[in-house]
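Novice: Next comes the sequence, and after it the predicted model I'd like to discuss.
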Amino acid sequence: MDDANAIAECQAGNAEAFRFLVERYQVEAFGHAVAIVGRREDALDAVQQAFIKAYRALNHFELRRRFYPWFYTILRHCCFKLLQDRDKHAAIDTDELEILGASCDRTDDRTLLLQRALQQMPVEERELITLKHLDGLSYAELAERLGIPAGTVMSRLFYARKGLREKLARLEKEFV
């Protein structure tokens with residue numbers, strides 16, 4: 001089964017076909033949500049909420065579109081809503097940081113510095129950097145996902161990288 005068939009089945013009333021989409025995209029969605037919200041538990045909540053919203057809106061989905069970019073828009077909104085609702089004064093424990101994923105060696109000092117630097121960045125910049133460098137999306141793909149022109153993506157990415165370098169340099173000085 002492919003995305004279009006699963007969506008068509010869902011639109012025809014077969015709710016079980018949505019399981020295909022969830023299983024296919026849940027890991028990727030979780031990684032993206034963690035990159036935005038920074039905490040595993042919040043990311044799980046955002047992903048679950050996004051899949052529920054997507055399922056409810058599936059009857060309005062145009063089959064000529066690709067599913068994940070459409071779903072990602074829903075996921076982003078859920079993540080940003082969660083961030084708005086979350087207590088902004090709550091400290092984030094280093095052990096909760098999951099932006100780089102489980103594949104990184106958490107005992108590596110450079111990885112911890114990068115985690116901290118990413119966490120200190122504005123959410124939009126952190127999202128852009130993770131989509132580009134961890135997911136390997138092209139400028140055109142980033143523009144589609146974020147709903148902005150490719151030139152804007154390049155500009156924002158330039159400043160996000162610059163900010164990340166500055167934060168890393170500052171953190172390295174503090175660490176040493």
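Specialist: Arrived safely, thanks for sending. Numbers count the residues shown, from 1 in each chain.
Novice: Could you give the backbone dihedrals for Arg39?
Specialist: phi -130, psi 140 (degrees, to the nearest 10).
Novice: quick one, domains of the protein?
Specialist: 1-90, 101-176 (automatic domain parsing).
Novice: In a markdown table: those, plus mean pLDDT.
Specialist: A markdown table is the format used below for those (pLDDT from 0 to 100):
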| stretch | mean pLDDT |
| --- | --- |
| domain 1-90 | 90 |
| domain 101-176 | 83 |
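Novice: Redo these as JSON lines? Include mean neighbour count.
Specialist: Where you see a C-beta, it was placed from the backbone N, CA and C, and this is true even at glycine. Compiled in JSON lines, the domains of the chain are given as follows (neighbours: other CB atoms under 10 Å):
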{"stretch": "domain 1-90", "mean neighbour count": "16"}
{"stretch": "domain 101-176", "mean neighbour count": "15"}
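Novice: Centre-most residue in this protein?
Specialist: His32 (2.1 Å; CA atoms, centre = their mean).
Novice: Let me see the contact set for that one.
Specialist: Contact analysis of His32 by CB atoms under 8 Å, 6 or more residues apart in numbering lists Tyr72, Leu75, Glu127, Thr130, Leu131, Asp135.
Novice: Against Ala33, how distant is the fifth one?
Specialist: Meaning Leu131. Here Leu131 is placed at a distance of 12 Å from Ala33 (CB to CB, to the nearest Å).
Novice: Could you pick out the longest helix of the chain?
Specialist: Counting by DSSP state H, the longest helix found in the chain is helix 150-175.
Novice: quick check, distance from that one to the centre of its chain.
Specialist: 18 Å (CA atoms, centre = their mean, to the nearest Å).
Novice: Packing partners of it?
Specialist: Applying 3 or more CB pairs under 8 Å, 6 or more residues apart in numbering; DSSP states H and E, we find helix 150-175 packed against helix 109-120, helix 123-129, helix 139-146.
Novice: so which of those gets nearest Tyr55?
Specialist: helix 139-146 (20.2 Å; CB to CB).
Novice: so what does that closest one touch, helix or strand wise?
Specialist: helix 67-85, helix 150-175.
Novice: got the angle between the shortest one and helix 139-146?
Specialist: Okay, so that is helix 67-85. If you take axes from the mean of the first three to the mean of the last three CA atoms, to 10 degrees, helix 67-85 sits at 60 degrees to helix 139-146.
Novice: Thanks a lot, see you next time.
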